[in-house]
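Visitor: Take a look and give me a structure for this.
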Amino acid sequence: MSLSRRQFLHRSTAAAASLALPMVAARSVLGANDEIRVGVIGLGVRGVGAHVPGFESLEGVRVTAVCDPDRQRLDACSKMIEDTYKHKVETFKDLRDLIARKEIDAVAVATMQYWHALPTIWACQAGKHVYCEKPLSHFIWEGQQMVRASRKYNRLVQVGTQRRSSTRVRRAIDYVRSGELGKIQYVVAFANKMRAPIGKRSKPLAIPDSLDYELWCGPARKEPLYRDRIQYDCSFTWNMGDGESCNQGVHEIDVARWLLGETSLPRRVMSVGGRFCFDDAGDVPNTQIIYYDYPSAPVLYEVHNMRAAKGSQAIPHFRGARTDVCAQCEGGYVMMISGFAYDNAGKKIKSFSGGENPFGNLVAAMRSGRQEDLCADVLEGHRSTAVTHTGNISYRLGKNAASGEIREQIGDTPLFQDMYTRFEEHLKSHEVDVDSKNITLGPWLEIDRENECFKDHAEANRLVRGTYRPEWIIPEI
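Guide: Prediction:
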């Protein structure tokens, strides 16, 4: 038993003899009139800006506890809830103390993704339902354990891929599937999200006294920080983040996979990219393309974190959209998230509307007790997150290459060649020399779809399994 599990046992109620067995939930059945009590873990932008108001806005739901290893964030959130919603909340620095509270019915995990697996698994073991932010996992293997925990302990786990609850996206999918535009030829998913460099320090950043850095690091490496901000910018390091193609990309890949009806990983994957023009402490790409080879139709993913060109304030786009999923069919195409259909000449022919309510969906499923009522069940969240991890694994195993070598490896894959041309043109607009071997060329990786790993590639499978500090080992379910 790892140290973290012993510590959790020590903080848990006496009714829990072992973390191998779930604690008895305070209430096994939630009636229509029962108040649902939620504990929110992680008080950053999503926790305070989405989870707290999202649950507090629902009838019969109340946030009764909040947790963050940063005392400043904890105090600020507590005061905000008291001022806005006119009730007090319990505050916790250590998430294990919150999870051990038998009065809590559901736990909302709004931490960064490297801190998603443990609280989700622990909450399931403690008999609580979970809303976990996207991306579900930091490694493919831990996502599998999260799914198994949900099933073993019969807990509902909703993932923050909220497009699954969008009526607009569902109507767009129904339209494409109707065949009115003919067969799907390919899907281009893309994220043009402008990011700034995260800084590059010669001396480590001082950790404020308000932050318990040990707790904040958790399963990730505890190391000096050479960027300018502690919070969120960890997204742009492999130690704690997974880059834009996972952080944002899980939304678009989830919609693409939903549209295609694909329930597993692609047959093979390859990624090309780099961190260009940002002289900073980040190590994830800020410009990246990925080819996901699915049987039904190829899915292409494009990331741009830089402006359209050097000195420009314009933002890159694909057919006029900044971040979306374009389903190209024989007779036209549909922007799945924004909800517009076009003919092949670019004329708008149809639009779709409707909102989303992921927090309300979890609460409704808790009252019905039916896993099938979840719009974004943990298994779907795991599948989509795992897809994005495969692309990043190809990138992380890459080598520096020039344009000719990259095109040769892409080979006779016309859609990939076209995507690479767009990638190259974007870099040239920033005066990046594409022939100087400063682009990272990832290998083609063949995927064992049934076992969610790679065929005959030990190094890639090491990244599937991931690594953790001894004090914070992810339990195998």
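
Visitor: Tell me who's in contact with the residue nearest in space to the middle of the chain.
Guide: What sits nearest the mean C-alpha location of the chain, by CA atoms, centre = their mean, is Pro135, with 1.5 Å. Pro135 sits next to Gln113, His116, Asp242, Cys246, Asn247, Val250, Thr385, Thr388 when contact means CB atoms under 8 Å, 6 or more residues apart in numbering. Glycine gets a C-beta too; all of them are placed from N, C-alpha and C.

Visitor: same question, Val130
Guide: Taking CB under 8 Å, 6+ apart, we find Val130 in contact with 106-109, 119-120, 123-124, 150, 155-158, 378.

Visitor: and it, what are its bridge partners?
Guide: With DSSP bridges applied, the residues forming beta bridges to Val130 are Val107, Val157.

Visitor: got the buried residues for the longest strand along the chain?
Guide: Longest strand in the chain by number of residues, with DSSP state E as the criterion: strand 184-192. Neighbour counts using 16 or more other CB atoms under 10 Å place Ile184, Tyr186, Val187, Val188, Ala189, Phe190, Ala191, Asn192 of strand 184-192 among the buried residues.

Visitor: ditto for stretch 313-326
Guide: Of the residues in stretch 313-326, those buried (16+ other CB under 10 Å) are Pro316, Phe318, Ala321, Thr323, Asp324, Val325, Cys326.

Visitor: Now tell me what touches that stretch from outside.
Guide: With CB under 8 Å, 6+ apart as the test, stretch 313-326 has contacts from 187-194, 248, 252, 255-256, 259, 302, 304, 306-308, 333-338, 342, 346, 426.

Visitor: Please export the C-alpha coordinates of it as CSV.
Guide: What follows is stretch 313-326, C-alpha atoms only, in CSV (Å, rounded to 0.1, in the frame of the first residue of the first chain):
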residue,chain,number,x,y,z
GLN,A,313,-2.8,40.3,-34.9
ALA,A,314,-5.0,38.0,-37.0
ILE,A,315,-5.8,34.5,-35.7
PRO,A,316,-5.4,31.4,-37.9
HIS,A,317,-8.6,29.7,-39.0
PHE,A,318,-9.9,26.8,-41.0
ARG,A,319,-12.7,27.7,-43.4
GLY,A,320,-13.5,30.8,-41.3
ALA,A,321,-13.7,29.0,-37.9
ARG,A,322,-11.1,29.2,-35.2
THR,A,323,-11.8,26.1,-33.1
ASP,A,324,-14.2,23.5,-34.4
VAL,A,325,-14.8,20.1,-36.1
CYS,A,326,-15.3,20.2,-39.8
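
Visitor: Distance from the chain centre to that stretch, please.
Guide: 20 Å (CA atoms, centre = their mean, to the nearest Å).

Visitor: can you check stretch 216-226 too?
Guide: Here stretch 216-226 is found 20 Å from its chain centre; the criterion is CA atoms, centre = their mean.

Visitor: before we move on, the earlier item: ok, which pair from the contacts of Pro135 is furthest apart?
Guide: Using CB to CB, the contacts of Pro135 span at most 13.9 Å, a distance reached by His116 and Thr388.

Visitor: low-confidence ranges in the stretch 1-150 of the chain?
Guide: 1-29, 31-33 (pLDDT under 70).

Visitor: which stretches of it form strands?
Guide: Listed in chain order, the strands of the stretch 1-150 of the chain (DSSP state E, counting those that start in this stretch) span 36-41, 61-67, 90-92, 106-109, 129-132.

Visitor: of all those strands, which lies closest to Met80?
Guide: strand 61-67 (9.6 Å).

Visitor: Any idea how many residues pack against Met336?
Guide: 28 (other CB atoms under 10 Å).

Visitor: and the contacts of Pro135 as a markdown table, adding neighbour count and secondary structure?
Guide: Output for the contacts of Pro135, formatted as a markdown table (neighbours: other CB atoms under 10 Å; DSSP: H, G, I helix; E, B strand; the rest coil):
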| residue | neighbour count | secondary structure |
| --- | --- | --- |
| Gln113 | 25 | helix |
| His116 | 30 | coil |
| Asp242 | 26 | coil |
| Cys246 | 26 | helix |
| Asn247 | 21 | helix |
| Val250 | 27 | helix |
| Thr385 | 28 | helix |
| Thr388 | 30 | helix |
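
Visitor: closest to Leu30 among those?
Guide: His116 (24.1 Å).

Visitor: my read: the closest one touches Leu136, true?
Guide: Yes. Using CB atoms under 8 Å, His116 is in contact with Leu136, at 6.2 Å.

Visitor: which residues do these two both contact?
Guide: Joint contacts of His116 and Leu136 (CB under 8 Å, 6+ apart) are Met146.

Visitor: how close does the nearest residue to Ala117 once chain neighbours are set aside sit to Ala386?
Guide: Leaving aside its sequence neighbours, Ala117 sits nearest to Glu142 (CB to CB, 6 or more residues apart in numbering; 4.1 Å). The spacing between Glu142 and Ala386, counted by CB to CB, to the nearest Å, is 10 Å.

Visitor: and if you look at Ile474?
Guide: Ile474 is 15 Å from Ala386, by CB to CB.

Visitor: ok, now Leu260?
Guide: Leu260 sits 15 Å away from Ala386, going by CB to CB.

Visitor: And for Thr421?
Guide: As judged by CB to CB, Thr421 and Ala386 stand 29 Å apart.

Visitor: again with Lys350
Guide: Per CB to CB, Lys350 is found 32 Å from Ala386.

Visitor: residue ranges for the helices of the stretch 151-300 of the chain, please.
Guide: For the stretch 151-300 of the chain, the helices defined by DSSP state H, counting those that start in this stretch occupy 167-177, 213-217, 244-247, 249-260.

Visitor: Any idea which of those gets closest to Thr84?
Guide: helix 213-217 (25.9 Å).

Visitor: Go ahead and name everything in contact with that closest one.
Guide: Residues outside helix 213-217 that contact it (CB under 8 Å, 6+ apart): Pro69, Asp70, Lys93, Asp94, Leu95, Ile207, Lys222, Ile230, Arg469.

Visitor: Nearest to Asp293 among those residues?
Guide: Nearest to Asp293 among these, with distances taken as CB to CB, is Arg469, at 35.1 Å.

Visitor: Grab the nearest non-local neighbour of the closest one.
Guide: Pro219 (6.0 Å).

Visitor: again with Ala460
Guide: Phe454 (4.1 Å).

Visitor: list the contacts for the one you found?
Guide: By CB under 8 Å, 6+ apart, the residues touching Phe454 are Thr390, Ile393, Leu445, Glu446, Ile447, Asp448, Ala460, Asn461, Val464.

Visitor: correct me, but Tyr85 touches Ser57?
Guide: No. Between Tyr85 and Ser57 there is no contact under CB under 8 Å: 9.6 Å.

Visitor: rewinding a little: please say which of Lys350 and Ala386 ends up with more neighbours.
Guide: The neighbour count for Lys350 versus Ala386, taken as other CB under 10 Å, is higher for Ala386 (25 against 16).

Visitor: That one against Trp141, yeah?
Guide: No. Assessed by CB under 8 Å, Ala386 is found out of contact with Trp141, at 9.5 Å.

Visitor: mind giving me the domain ranges of this structure?
Guide: 3-164, 167-354+378-472 (automatic domain parsing).

Visitor: and of these, who's closest to Arg370?
Guide: Using CB to CB, the nearest of the domains of the chain to Arg370 is domain 3-164, at 8.7 Å.

Visitor: can I get the contacts of Val130 in CSV with distance to Ala281 and neighbour count?
Guide: Below are the contacts of Val130 laid out as CSV (distance: CB to CB, whole Å; neighbours: other CB atoms under 10 Å):
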residue, distance to Ala281, neighbour count
Ala106, 36, 25
Val107, 32, 28
Ala108, 30, 31
Val109, 26, 29
Pro119, 27, 27
Thr120, 29, 30
Ala123, 33, 30
Cys124, 35, 27
Ser150, 36, 27
Arg155, 38, 25
Leu156, 39, 23
Val157, 33, 31
Gln158, 34, 29
Val378, 33, 27
